[in-house]
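**Q** Fold the following, please.
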Amino acid sequence: MSSLLAVGFAFSVFIYGLDAILVNLAKDFEGNLPFNSATVALLVDAVKIAFSLVFLAGESLANHVIHPVSIRESIKFSFPALLYSINNNLFVVIQVHADPATFRILSNMKILTTAILYRIIMKRLISSKKQLALVLMTLSGMGCSYSGIASHKGDAGLDSGHMTLHLSFTGLFLILIYCGISGLAGVYIEMILKRGTQTSLHFQNLIMHIYSICFNYFWYWTSSKTSSSFLDGYNAWTVAIVLTQAMNGLILSFVFKYGSNLTRILIISCATLVTTFMSHLIFHLQLDANFFLALALFLVAFYLYHR
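**A** Residues are numbered from 1 along each chain as shown. Prediction:
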């Protein structure tokens, strides 16, 4: 069983580290995203709903008792659904303003926001060692921000066919919002999933993604152009984005229900190395000394936090 869990964890890390890579592969020659991010979020929710229905049907055939939730309880899922719908759109937009490795390093600020909100909402104490780790992680993010902004030249971060570290001030601002929303959504969804211990995880997912698809349809309705079709700008990479983001969401819901945000943080942390390695391999990302210093600080913080 331990080997199975290890394989599952490795797969989760790989999928999580892959998402930013796929968005950058889907860009056009000018470094812009040719599709509407709201359509991607809509399709991600549709895939999650389809999988939830299949899993629920499997539980029903296996004669598992599916405990429904009241309308009052179901409304609680609307809040994390709103937060995740905002973040799913933000995630795609951020890739225009930052390279994948810089984004992944900075997105580890989720650990800081999650830890603070864990203390406030879940009433869990943070040890002095973990507080030091969070300080180092913040310094790592600051160092990576400096490196990316210093290298930013107002383009898509491409230099003679090679991707360079780049981060605009808009990108930094959006990443900070993204991390704050992610921390809040993660802690809140763990709390409500675990309170409904007898309710099927797939039924809970179904409720949340129905809310989410409604919110994402609103974003699509407000952002779509009358002359464009739903699938404008789509290619094989866009389809891969939809499938990987759907898998990410389903995997993390399992982690929230049966594990904790600490496991989620571990997955996010390890995914940083995957994204950095793949960015260098696929885009020939040019890394500088500031980036390696930020990465080293992050690895030390990671060791202290999980020791």
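**Q** drop to CA atoms for contacts and neighbour counts, all remaining ones
**A** OK.
**Q** wait, what's in contact with T114?
**A** For T114, the residues meeting the contact criterion (Cα atoms under 8 Å, 6 or more residues apart in numbering) are S182, G183, L184, G186, V187, N261.
**Q** Buried residues, the helix or strand hosting the third one. List them.
**A** So that's L184. L184 belongs to helix 169-195 when elements are defined using DSSP states H and E. Judged by neighbour count using 16 or more other Cα atoms under 10 Å, the buried positions of helix 169-195 are 171-172, 174-176, 178-194.
**Q** ok, and what's touching whichever helix or strand comes after it?
**A** For helix 169-195, the following helix or strand on the C-terminal side (DSSP H and E) is helix 201-223. The contact list for helix 201-223, computed with Cα under 8 Å, 6+ apart, reads 36, 38-39, 41-42, 45-46, 48-49, 52-53, 55-56, 66, 68, 74, 77-78, 80-82, 84-85, 193, 253-254, 257.
**Q** Next, the angle from helix 201-223 to helix 169-195.
**A** Interaxial angle, helix 201-223 versus helix 169-195 (axes from the mean of the first three to the mean of the last three Cα atoms, to 10 degrees): 150 degrees.
**Q** all helices of this protein, in order?
**A** For the chain, the helices defined by DSSP state H cover 2-25, 37-61, 71-75, 78-94, 100-106, 109-121, 128-151, 169-195, 201-223, 236-258, 261-283, 289-306.
**Q** how far out from the middle of the chain is the helix holding L184?
**A** On the basis of Cα atoms, centre = their mean, to the nearest Å, helix 169-195 is displaced by 9 Å from the centre of the chain it belongs to.
**Q** With stretch 244-256 instead?
**A** Centroid separation between stretch 244-256 and its chain, computed with Cα atoms, centre = their mean, is 9 Å.
**Q** Next, count neighbours for K76.
**A** Neighbour count for K76, taken as other Cα atoms under 10 Å: 15.
**Q** before we move on, the earlier item: filter the contacts of helix 201-223 to the buried ones?
**A** For these, a neighbour count by 16+ other Cα under 10 Å gives the buried set as 36, 38-39, 41-42, 45-46, 48-49, 52-53, 55-56, 77-78, 80-82, 84-85, 193, 253-254, 257.
**Q** still on that earlier bit, which elements pack onto the helix holding L184?
**A** Contacts of helix 169-195 with other secondary structure elements, assessed using 3 or more Cα pairs under 8 Å, 6 or more residues apart in numbering; DSSP states H and E, are made with helix 78-94, helix 109-121, helix 236-258, helix 261-283.
**Q** mind redoing it with 7 Å?
**A** Packed against helix 169-195 by the contact rule (3 or more Cα pairs under 7 Å, 6 or more residues apart in numbering; DSSP states H and E) you find helix 78-94, helix 109-121, helix 236-258.
**Q** Can you show me the CA trace of the last one as CSV?
**A** In this case it means helix 236-258. Once non-C-alpha atoms are left out, helix 236-258 reads as follows in CSV (Å, rounded to 0.1, in the frame of the first residue of the first chain):
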residue,chain,number,x,y,z
ALA,A,236,-4.1,19.9,-28.5
TRP,A,237,-2.3,21.8,-25.7
THR,A,238,-5.5,23.5,-24.6
VAL,A,239,-7.2,20.1,-24.4
ALA,A,240,-4.3,18.8,-22.3
ILE,A,241,-4.7,21.9,-20.0
VAL,A,242,-8.4,21.0,-19.4
LEU,A,243,-7.7,17.4,-18.6
THR,A,244,-4.7,18.1,-16.3
GLN,A,245,-6.5,20.8,-14.4
ALA,A,246,-9.5,18.5,-14.0
MET,A,247,-7.3,15.8,-12.6
ASN,A,248,-5.6,18.3,-10.3
GLY,A,249,-8.9,19.4,-8.8
LEU,A,250,-10.1,15.8,-8.3
ILE,A,251,-6.8,14.7,-6.7
LEU,A,252,-6.7,17.7,-4.3
SER,A,253,-10.3,17.1,-3.2
PHE,A,254,-9.3,13.6,-2.2
VAL,A,255,-6.3,15.1,-0.3
PHE,A,256,-8.6,17.6,1.5
LYS,A,257,-11.1,14.8,2.4
TYR,A,258,-8.8,12.1,3.6
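**Q** which residues sit against it?
**A** When contacts are defined by Cα atoms under 7 Å, 6 or more residues apart in numbering, helix 236-258 is touched by residues 15-16, 19, 22-23, 25-26, 40, 43-44, 47-48, 190, 193-194, 263-264.
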